[in-house]
Structure formats: structure tokens, C-alpha cells
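Colleague: I'd like to go over a predicted model; first the sequence, then the structure.
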Amino acid sequence: MIPDESFERLAGASIAHLATVRQDGTPHIVRCRFACHGDTIFAVLEPPGDSGATTEAIGHQSLVSVMTGADATDEKRWWVRADGHARVIEDADDAARLRQYLIEKYHAPQGEGLEGALITVEIREWRFWPE
């Protein structure tokens, strides 16, 4: 279980990094915009043009990590990592419904900057610092 403070830091962060493993075993890391809903993360991949490598890696191996941490404006150093199983959302109705979480978080009524591939991550394990 993740402490409330760590979850709030994760949920409040604007950018995270999604780590996957390619079919050849090499790591692949991309930036993403995301929103949290319980033990699920909804993420749109950045930049949209690079989504193919990430979605292909998820198709090969669904176990991923999403990590974010302190930026230059934070007084304290911290990081949160969520490990879980990802899936690419291909159904248009599901994508529209889930993308709404991102539109609300990023105050983007027209979805500007949220055009990339949409994935969900069902969190299985949380890691965070400081503990």
C-alpha cells in the first residue's frame, strides 16, 4: 500500500516516464502525461509519433514501470514508481472515456497535447522514497 503523501505526489505530478522492455530485451523509456484513479494509471504517450515502439513493447511484455519524482520547484527530493501490467486502449469509446481523466487533470478541454496512444496500467506494486 502506498502512503497518502506519496500517492498525492504521484497524482499531482505533470509528467512521468514509462519504462517497457522491447522484444529484443532492451529497455525503452518514454515520457507520458497521466492521471491516477485508484490502483490504475491512465497515460497518453509522448511524443505521439513515437507511440508505436512503446505499444509494440507492451504487446510483447505487459509488465511496465511508471516513475515520477521531484522537479526543480520541489523543496524536498522524492520519487514514486508504480509497477504493473499495461494494455493499449484501442476501443474508441473506452479511449474517449479514459482520456477524459487526462483532459480534466491537464485542463485541456479540446485535448491539446493528449493525442498520443492511450494505455492503462493496473498497479501491482508501489515503490517510493522517502519511505
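Modeller: Yep, it's here.
Colleague: contacts, neighbours, all on C-alpha from now
Modeller: OK.
Colleague: ok, and the closest non-adjacent residue to F42?
Modeller: Distance criterion CA to CA, 6 or more residues apart in numbering; nearest residue to F42, sequence neighbours excluded, is T120 at 4.6 Å.
Colleague: what secondary structure does the one you found sit in?
Modeller: Assigned with DSSP: H, G, I helix; E, B strand; the rest coil, T120 falls in the strand class.
Colleague: for it, give me the pLDDT.
Modeller: The model reports T120 with a pLDDT of 96.
Colleague: and I58, that's in a helix?
Modeller: Yes: I58: assigned to a helix according to three-state DSSP.
Colleague: about what we covered before: the residue nearest to F42 and E90 touch, don't they?
Modeller: No: T120 lies out of contact with E90 (CA atoms under 8 Å); the separation is 10.9 Å.
Colleague: which one of these two has more residues nearby?
Modeller: Counted by other CA atoms under 10 Å, T120 and E90 do not tie: T120 has more neighbours, with 21 against 11.
Colleague: C-alpha coordinates for the strand or helix carrying R124, PDB please?
Modeller: In the assignment (DSSP states H and E), R124 maps to strand 118-129. Taking C-alpha atoms only, strand 118-129 is exported to PDB below (Å, rounded to 0.1, in the frame of the first residue of the first chain):
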ATOM      1  CA  LEU A 118      -3.500   5.800 -24.600                       C
ATOM      2  CA  ILE A 119      -2.600   3.000 -22.200                       C
ATOM      3  CA  THR A 120      -3.800   1.800 -18.800                       C
ATOM      4  CA  VAL A 121      -1.500   0.400 -16.100                       C
ATOM      5  CA  GLU A 122      -3.000  -1.800 -13.400                       C
ATOM      6  CA  ILE A 123      -0.600  -1.300 -10.500                       C
ATOM      7  CA  ARG A 124       0.700  -4.400  -8.700                       C
ATOM      8  CA  GLU A 125       3.400  -2.800  -6.600                       C
ATOM      9  CA  TRP A 126       4.300   0.700  -5.400                       C
ATOM     10  CA  ARG A 127       7.800   1.900  -4.600                       C
ATOM     11  CA  PHE A 128       8.600   5.300  -3.200                       C
ATOM     12  CA  TRP A 129      11.200   7.400  -1.500                       C
END
